[in-house]
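> would you be able to build a 3D model of this:
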Amino acid sequence: MSTPLAAATSRSVGAPGFPRLLSGLSKSGDAFDLSQHNAQWGALSLRGARTTLLDELDASGLRGHGGAWFPVGTKWRAVSGGRGRRPVVVANGPEGEPASLKDAFLLTKLPHLVLDGASLAAAALNANRIVVYVPQRLLASVEAAIDERRRAGVDPVAIEAIVAPDAYLSGQESAVVRALNDGPALPTFVGLQSIRDRGVRGRPTLVQNVETLAHVAMISRFGGQWFRSLGTAESPGTVLVTVTGRWPEPLILEAPLGTSFKDLLELSTQEAEGYWGALLGGYGGGFISMADLLDSRLTEEGARKLHSSLGPGIVALLPRTYCPLAETARVVRYMQGQSAGQCGPCVHGLADLAASVEALAYHPAALRGHLPPINELCNLIDGRGACRHPDGVARFVRSALVVFRDEADRHLRHGSCPAVNGPGLLPCPSSQGRHQ
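Numbering: from 1, shown residues only. Model prediction:
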């Protein structure tokens, strides 16, 4: 998406036995080739994957880090072969959320952790096809890693890379399967259970986020209880987080789940006064106040209590030098353009919602002191879409109206603030890839 990967660096938030995924990376962030990967973690062993790995995943408590936070062991057990239909494993790496960079970071810097996880999944599920589904800009890096492994004879099941459209919805599970079945990368109306039973070419299919597969590679080496030695009882392990707005460039952080946001962001109460609020979980998540952020910890359950989500691990701080209403309006218009266009809430509801938020941000005088019926529009959209895309936009907008209510009142009383004419902060790529 629009934020260049080259701008992202990484570090970890300290704890004993830490970092994990980012362990061994140099300060320059050079990519690990296969020999460096094996020197750091040992060569991949598939011994026991069929008999013990699913139990270790259950014991670990690992949940999917692509945004849904669903238990991984439960998901894998739902992908059942039989009747001669061996499963397909898909490493899902489009990373459609524009504010996220962690999947691209893994695929370019630590690709063999992801590919180890995919090969382990194939062994555990008796799959005979592995696909790495990535945007064009990451293809060369992924193919180079696959070629290294092919020459070394690492993977019993051949791994292939297939290009994903660079669009917001391209990583949604049913959109992935639809694209791999030669259709458009758009969500379908079927449930996830049918994908796990009848997905790519009618075969049982596991679609798993690439960070999740990297954690699987570590659990296979060190075990489920080792994974649980960091994090909380409900949210064990570590997570990669993309942080923007706090430092001059985006930063990929690895932190134990349960870390306080104050420690994660190295943020004092006084420094927090320089921000309007924070966006958690990306454009399908929601804004929270800085007071709530400083009182919260890095867990999905904690984010949901604040009517947001960690999503794919996004924390975007919004400095007071930007107009929060203009930022909201830009994102809603972007999300309207990235919709599947398959139902009324996307085709009409999101367009009306974008226009209403734009009026509040850029043309408040035309509203004559009255807040437009934005909440009513959100209520009309919510829960009525063919997929969850419009629900996420509604949540995003509702949270903005709560956290930025004082600024909305100022716009209504005094007109747009000067910051609406400045450059935007939250990335909204201009390319529209939804119909590819």
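
> all strands for the protein, in order.
9-12, 88-92, 129-135, 159-164, 205-209, 238-244, 251-256, 275-280, 286-288, 314-319 (DSSP state E).

> residues in contact with the fourth one?
Residues from elsewhere that reach strand 159-164 (Cβ atoms under 8 Å, 6 or more residues apart in numbering): 93-94, 115, 118-119, 129-136, 139, 142-143, 146, 149-150, 170-171, 176, 179-180, 185. Every C-beta, even on glycine, is put in place using the N, C-alpha and C of the backbone.

> mind checking which of the strands of the chain is nearest Ala49?
Smallest distance to Ala49 across the strands of the chain (Cβ to Cβ): 11.9 Å, for strand 88-92.

> who are the contact partners of the spatially most central residue of the chain?
Nearest residue to the geometric centre of the chain (Cα atoms, centre = their mean): Pro312, 2.5 Å. With contact set as Cβ under 8 Å, 6+ apart, Pro312 has these partners: His65, Gly66, Gly67, Glu95, Glu97, Ser100, Lys102, Asp103, Asn209, Glu211, Gly281, Gly282.

> can you redo the residues you listed as TSV with pLDDT, distance to Leu125 and neighbour count?
Shown next, in TSV, are these (pLDDT from 0 to 100; distance: Cβ to Cβ, whole Å; neighbours: other Cβ atoms under 10 Å):
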residue	pLDDT	distance to Leu125	neighbour count
His65	93	19	27
Gly66	89	18	25
Gly67	84	22	24
Glu95	90	24	30
Glu97	93	27	25
Ser100	95	27	29
Lys102	95	25	28
Asp103	96	22	31
Asn209	97	16	28
Glu211	97	19	27
Gly281	94	29	27
Gly282	94	29	29
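
> out of those, who's nearest Asn38?
Set against Asn38, the nearest of these by Cβ to Cβ is Glu211 (20.6 Å).

> now the stretch 151-300 of the chain, which segments are flagged as low pLDDT?
For the stretch 151-300 of the chain, applying pLDDT under 70 flags the ranges 189-193.

> returning to that earlier point: drop anything exposed from the contacts of strand 159-164.
Neighbour counting by 16 or more other Cβ atoms under 10 Å classes 93-94, 115, 118-119, 129-135, 139, 142-143, 146, 149, 170-171, 176, 179-180, 185 among the contacts of strand 159-164 as buried.

> give me the beta-bridge partners of Leu253?
Here Leu253 shows beta-bridge partners Arg11, Val241, assigned using DSSP bridges.

> and it, how close does it get to Leu367?
40 Å (Cβ to Cβ, to the nearest Å).

> doesn't Asp166 make contact with Arg137?
Yes. Assessed by Cβ atoms under 8 Å, Arg137 is found in contact with Asp166 at 7.3 Å.

> and those two? Which one has more around it.
Asp166 (22 against 14; other Cβ atoms under 10 Å).

> is that one in contact with Glu95, as I believe?
No. Using Cβ under 8 Å, Asp166 is not in contact with Glu95, being 9.3 Å away.

> what stretches of the stretch 301-436 of the chain score poorly on pLDDT?
Within the stretch 301-436 of the chain, the segments meeting pLDDT under 70 span 344-345, 385-386, 431-436.

> at 50 what do you get?
Residue ranges of the stretch 301-436 of the chain with pLDDT under 50: 431-436.

> what ranges does it have for its helices?
Along the stretch 301-436 of the chain, the segments classed as helices by DSSP state H, counting those that start in this stretch run 324-337, 344, 350-362, 374-381, 389-403, 405-414.

> repeat for the stretch 101-250 of the chain
Under DSSP H, counting those that start in this stretch, the stretch 101-250 of the chain gives helices at 102-109, 111-125, 136-152, 173-180, 192-197, 210-222, 224-228.

> can you put the ones you listed in CSV and add distance to Leu412?
As requested, these are exported to CSV (distance: least, Cβ to Cβ, whole Å):
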stretch, distance to Leu412
helix 102-109, 38
helix 111-125, 48
helix 136-152, 42
helix 173-180, 39
helix 192-197, 43
helix 210-222, 42
helix 224-228, 50
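
> returning to that earlier point: out of the strands of the chain, which is closest to Ser35?
Nearest of the strands of the chain (Cβ to Cβ): strand 159-164, 18.2 Å.

> buried residues in that closest one?
Buried residues in strand 159-164 (16+ other Cβ under 10 Å): Ile159, Ala161, Val163, Ala164.

> contacts only, for Leu425.
For Leu425, the contact set (Cβ under 8 Å, 6+ apart) comprises Thr244, Gly245, Ala316, Leu318, Pro319, Tyr322, Glu327.

> give me the beta-bridge partners of the closest residue in space to the third one that isn't next to it in sequence?
The shortest distance from Ala316 to any residue other than its chain neighbours is 4.2 Å, reached at Leu279 (Cβ to Cβ, 6 or more residues apart in numbering). With beta bridges defined as DSSP bridges, Leu279 has these partners: Phe287, Ala316.
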